[in-house]
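A.B. asks: Kindly return the folded structure for what I paste below:
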Amino acid sequence: MKRLIIASLIAMTLGVCTGAAVALEDDYDDTQSHPLRVAAYLAYPIGFTAEWLVLRPLHYIMSRPYLESMFGHAQHEEVGTYH
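C.D. replies: Alright, predicted model coming up:
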């Protein structure tokens, strides 16, 4: 069992490294220097961080069964259904 776990970890590591190497071979073209693309490069980390540090914990709190009626939260399966 230990060998299987070690082999799968090595395979995953090699897969990630290979994927990263392929991603590094991306050829440059003029669309990557567009001002909106440059702004997106700067804004993406801010949005990603805000999602994980603010919005997801906020959703977790508001979706608790004892608080969801106060915040008007509905489960995803219940949206658009009639009871």
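
A.B. asks: Quickly note the distance from G47 to L53.
C.D. replies: Between G47 and L53 the distance, using C-beta to C-beta, to the nearest Å, works out to 11 Å. For the C-beta atoms, the positions are set from N, CA and C on the backbone; glycine is no exception.

A.B. asks: In which helix or strand does the residue most central in space within the chain reside?
C.D. replies: Among the residues of the chain, the one closest to the centroid is F48, at 7.5 Å (C-alpha atoms, centre = their mean). Element membership of F48, judged by DSSP states H and E, is helix 35-50.

A.B. asks: again, but for P65
C.D. replies: Assessed by DSSP H and E, P65 sits outside every helix and strand.

A.B. asks: any idea of the pLDDT on it?
C.D. replies: At P65, the predicted lDDT confidence score is 89.

A.B. asks: wait, doesn't F71 sit right on M62?
C.D. replies: Yes. Judged on C-beta atoms under 8 Å, F71 makes contact with M62 at a distance of 4.4 Å.

A.B. asks: any shared contact partners between the two?
C.D. replies: Where contact means C-beta atoms under 8 Å, 6 or more residues apart in numbering, no residue is in contact with each of F71 and M62.

A.B. asks: Let me know the pLDDT of A21.
C.D. replies: Note for A21: predicted pLDDT of 57.

A.B. asks: ok so, going back, R56 versus the residue nearest to the centre of the chain, what's the distance?
C.D. replies: From F48 over to R56 the distance is 11 Å, taken as C-beta to C-beta.

A.B. asks: check contacts around the closest residue in space to A74 that isn't next to it in sequence.
C.D. replies: The shortest distance from A74 to any non-neighbouring residue, by C-beta to C-beta, 6 or more residues apart in numbering, is to E68 (7.5 Å). Under the criterion of C-beta under 8 Å, 6+ apart, the contact list for E68 reads 62, 74-75.

A.B. asks: sorry, back to before: what does the helix holding F48 contact?
C.D. replies: When contacts are taken as C-beta under 8 Å, 6+ apart, the neighbours of helix 35-50 outside the stretch itself are T31.
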